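A.B. asks: sequence and predicted structure are below.
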Amino acid sequence: MALYEYVTQDQLSGFDKYKYSAVDTNPLSVYVMHPFWNSMVKILPTWLAPNLITFTGFMFLVLNFVILSVYDYDFYASADGHVHVPSLVWIAAGLFNFLAYTLDGVDGKQARRTNSSTPLGELFDHGLDSWACVFFVCSMYSVFGRGASGVSVLTLYYLLWVVLFSFILSHWEKYNTGILFLPWGYDLSQVTISIVYIITAVVGVETWYQPVIWNLHYRDFFIIMILGCLLAVTLPMSLYNVLKAYRNNTLKHSSMYEALLPFFSPTLLFILATLWVSLSPTDILEQQPRIFYLMVGTAFANVTCKLIVCQMSNTRCQPLSWLLLPMAVIVLLVFFGVVQQSEIVVLYVWTAVVIFAHIHYGVSVVKQLSDHFNIFAFSLKKPSSD
């Protein structure tokens, strides 16, 4: 793969000056998970590179996505009258999700334990976290599905955007304040998802068919939890922290335009994707929800990774990601009916392009920063000076 130097010299200089600054006030994380992770990290061998731990955890989420794609490609498996996902698959999903969450919690501790903390490690961790959003949302969707007791693919599309927006809020916050305030909703969601997978394996998906109270189903509480985390916790805390920095004259960007720059590309992505869904002559979201979610989630991760690079290197965020330009052309072709007969093929091809572009960006940036810091990304050995 021919690589490209996506990180500018100014950004490399910014990475040289970078100091990690984060605040975690979530009681679940502070009093339960961190003590657990402190115990777990002691089991790991000291030769194990933190980035390898990060990548392994991420691949558990990808594995969940792939396995559930085999058993529930179109999200109908949990509906009444369809062949359900086997219980062993739900057990594996619960274990894999919790392993991914645990490894995501211990990678930084392993870095400090082995004295191998670098800006690359944080970028790699948060970059993969941005891509992981779509994988755990899609996998969780298979529990309820799109049947009578589930939620429509359009509702899930908007819920996916709620999760994506919640994720980028924290990094927008750090872009403006210089401090990463870790969101409360993440820990709660990961523990809940892991438990729900195991419960599903034990009691079966039929349990989710029944109303809990009045006419409220479990799916409704699932939706309330996602929206509640954003509206009652993540968004208010982000706005409060940014406002506090403004009042203390520690805000990094004085103008409203500069402060809101990180939202431009994600907002454009949301508009383009939603227009595609609305204008599609073949009802593309109903036909291929999994692929459409994957495309949106991957494009979002690419945009977010570029924000994280700017945030960590203390450089200006670019308002427009080039990846959105060809997507805009595709939406125009959909609008004019040019791709009516081949829309599904266009979606598959475009998704493959987005995935390739994002992987190319990720590999190139990791290689560039590894060379810059004179380290190996997945090994604690030092490169030879020859």
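C.D. replies: Noted; the coordinates are in hand. Numbers count the residues shown, from 1 in each chain.
A.B. asks: rest of the way, CA atoms for contacts and neighbours
C.D. replies: Noted.
A.B. asks: right, and the helix or strand after the host helix or strand of Ala132?
C.D. replies: Using DSSP states H and E, Ala132 maps to helix 119-144. Later in the chain than helix 119-144, the nearest helix or strand by DSSP H and E is helix 153-177.
A.B. asks: tilt between that next one and helix 119-144?
C.D. replies: 160 degrees (axes from the mean of the first three to the mean of the last three Cα atoms, to 10 degrees).
A.B. asks: so how far is helix 153-177 from its chain's centroid?
C.D. replies: With Cα atoms, centre = their mean, to the nearest Å as the basis, helix 153-177 stands 9 Å off its chain's centre.
A.B. asks: again, but for stretch 221-233
C.D. replies: 17 Å.
A.B. asks: check which helices and strands the helix holding Ala132 sits against.
C.D. replies: helix 50-71, helix 87-113, helix 153-177, helix 184-203, helix 289-313, helix 343-373 (3 or more Cα pairs under 8 Å, 6 or more residues apart in numbering; DSSP states H and E).
A.B. asks: switch the cut-off to 10 Å
C.D. replies: If you count contacts as 3 or more Cα pairs under 10 Å, 6 or more residues apart in numbering; DSSP states H and E, helix 119-144 packs onto helix 9-16, helix 50-71, helix 87-113, helix 153-177, helix 184-203, helix 218-228, helix 289-313, helix 343-373.
A.B. asks: tabulate those helices in TSV, adding columns for mean pLDDT.
C.D. replies: Listed next are the helices and strands packed on helix 119-144 as TSV, based on pLDDT from 0 to 100:
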stretch	mean pLDDT
helix 9-16	96
helix 50-71	97
helix 87-113	96
helix 153-177	95
helix 184-203	92
helix 218-228	88
helix 289-313	97
helix 343-373	97
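A.B. asks: quick one: which of the ones you listed is nearest Gly81?
C.D. replies: helix 50-71 (14.9 Å; Cα to Cα).
A.B. asks: and the angle from the closest one to helix 87-113?
C.D. replies: 170 degrees.
A.B. asks: in CSV, list the C-alpha atoms belonging to helix 50-71.
C.D. replies: Only the C-alpha atoms of helix 50-71 are listed here, as CSV (Å, rounded to 0.1, in the frame of the first residue of the first chain):
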residue,chain,number,x,y,z
PRO,A,50,-0.3,-0.9,24.4
ASN,A,51,-1.4,-0.3,20.8
LEU,A,52,-1.6,-4.0,20.3
ILE,A,53,-4.0,-4.2,23.2
THR,A,54,-6.0,-1.3,21.7
PHE,A,55,-6.2,-3.0,18.3
THR,A,56,-7.2,-6.4,19.8
GLY,A,57,-10.0,-4.8,21.7
PHE,A,58,-11.3,-3.0,18.6
MET,A,59,-11.1,-6.3,16.6
PHE,A,60,-13.4,-8.0,19.1
LEU,A,61,-16.1,-5.4,18.2
VAL,A,62,-15.5,-5.9,14.5
LEU,A,63,-15.7,-9.7,15.1
ASN,A,64,-19.1,-9.2,16.8
PHE,A,65,-20.3,-7.2,13.8
VAL,A,66,-19.1,-9.8,11.3
ILE,A,67,-20.6,-12.8,13.3
LEU,A,68,-24.0,-11.0,13.7
SER,A,69,-23.9,-10.1,10.0
VAL,A,70,-23.8,-13.8,9.2
TYR,A,71,-26.7,-14.7,11.5
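A.B. asks: how about that helix: buried residues?
C.D. replies: 50-65, 67-69, 71 (16 or more other Cα atoms under 10 Å).
A.B. asks: got the angle between the helix holding Ala132 and helix 184-203?
C.D. replies: Using the same axes, to 10 degrees: helix 119-144 against helix 184-203 is 40 degrees.
A.B. asks: returning to that earlier point: export the helices and strands packed on helix 119-144 to a markdown table and tack on distance to Glu258?
C.D. replies: Formatted as a markdown table, the helices and strands packed on helix 119-144 follow (distance: least, Cα to Cα, whole Å):
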| stretch | distance to Glu258 |
| --- | --- |
| helix 9-16 | 17 |
| helix 50-71 | 32 |
| helix 87-113 | 31 |
| helix 153-177 | 9 |
| helix 184-203 | 26 |
| helix 218-228 | 28 |
| helix 289-313 | 12 |
| helix 343-373 | 24 |
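A.B. asks: show me the one of those that comes nearest Val32.
C.D. replies: helix 184-203 (10.3 Å).
A.B. asks: quick check, Phe335 in contact with Glu343.
C.D. replies: No. In this structure, Phe335 is not within contact of Glu343 by Cα atoms under 10 Å, at 11.3 Å.
A.B. asks: look at the two and report which has more neighbours.
C.D. replies: A direct count of neighbours by other Cα atoms under 10 Å for Phe335 and Glu343 places Glu343 higher, at 20 against 17.
A.B. asks: quick one: the more buried one from Pro289, how far?
C.D. replies: 13 Å (Cα to Cα, to the nearest Å).
A.B. asks: also Glu206?
C.D. replies: For Glu206 relative to Pro289 (Cα to Cα), the value is 23 Å.
A.B. asks: more crowded one of the two?
C.D. replies: Pro289 (20 against 14).
A.B. asks: which one is that one nearest to, not counting chain neighbours?
C.D. replies: Leaving aside its chain neighbours, Pro289 sits nearest to Val153 (6.5 Å; criterion: Cα to Cα, 6 or more residues apart in numbering).
A.B. asks: shouldn't Ser29 be in contact with Tyr101?
C.D. replies: No. Using Cα under 10 Å, Ser29 makes no contact with Tyr101, being 11.5 Å away.
A.B. asks: touching both of the two, which residues are there?
C.D. replies: Between them, Ser29 and Tyr101 share these contacting residues under Cα atoms under 10 Å, 6 or more residues apart in numbering: 186-187.
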